[in-house]
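Visitor: Below are the sequence and a predicted model; questions follow.
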Amino acid sequence: MTSFRTTRRVEFGDTDMAGIVHFSNFFRYMEAAETEFLRSRGLSVSWREAGLRVGFPRVSAACDYVKPAFFEDVLDVAVTLERIGGKSLTYRFDFSRKGEAIATGRITSVYCREVTGHGLESLEIPVNIREMLA
């Protein structure tokens, strides 16, 4: 499967006292890369449709770290849509620096709509959205 590619420069505020990217920031990087991926397909993480909010809230997120990243590193991020289920999407995020593996993350999101007073309701991913993701 073809990957969507983007980059992310590590900012000073992303690092800890040792100058290494704090592990939690990889989750922000994954979210930003996911948003760019969806935007490149004419989609978003959240939007309004027929007066209701719909979108892809996350239900799972994980990241495995191989090597540290440092202030001013430029990280390459490959986003692969690993799985499209009936109601959910699973993304894989491969982080590298000059071809060297840094980390691998995954996020699973579920297609939902808001239900006034009851939170969210998961729905089957519509055919038109599936086509846009392909």
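Guide: Yes, it's here.

Visitor: any idea which helix or strand comes after the longest helix seen in the chain?
Guide: Determined from DSSP state H, the single longest helix within the chain is helix 25-40. In the C-terminal direction, the helix or strand that comes right after helix 25-40 (DSSP states H and E) is strand 46-49.

Visitor: packing partners for that following strand?
Guide: Packed against strand 46-49, as judged by 3 or more CB pairs under 8 Å, 6 or more residues apart in numbering; DSSP states H and E, are the following elements: strand 52-55. Any C-beta I mention is one placed from the backbone N, CA and C, and that applies to glycine too.

Visitor: so is the residue lying farthest from the centre of the chain in a helix, a strand, or just coil?
Guide: The C-alpha centroid of the chain is most remote from G117, which lies 27.9 Å away (CA atoms, centre = their mean). Three-state assignment for G117 (DSSP: H, G, I helix; E, B strand; the rest coil): coil.

Visitor: Next, give phi and psi for it.
Guide: The phi and psi values for G117, taken as degrees, to the nearest 10, are phi 80, psi -10.

Visitor: Which stretches in the chain count as helices?
Guide: Under DSSP H, the chain gives helices at 25-40, 127-133.

Visitor: now, of those, which is deepest in the fold?
Guide: helix 25-40 (a mean of 18; mean count of other CB atoms under 10 Å).

Visitor: Pull the distance from that helix to the chain's centre.
Guide: Relative to its parent chain, helix 25-40 has a centroid offset of 4 Å by CA atoms, centre = their mean, to the nearest Å.

Visitor: pLDDT averaged over that helix, what's the number?
Guide: Average pLDDT, helix 25-40: 96.

Visitor: by contact count, what packs against that helix?
Guide: Applying 3+ CB pairs under 8 Å, 6+ apart, we find helix 25-40 packed against strand 4-9, strand 58-65, strand 74-84, strand 88-97, strand 100-110.
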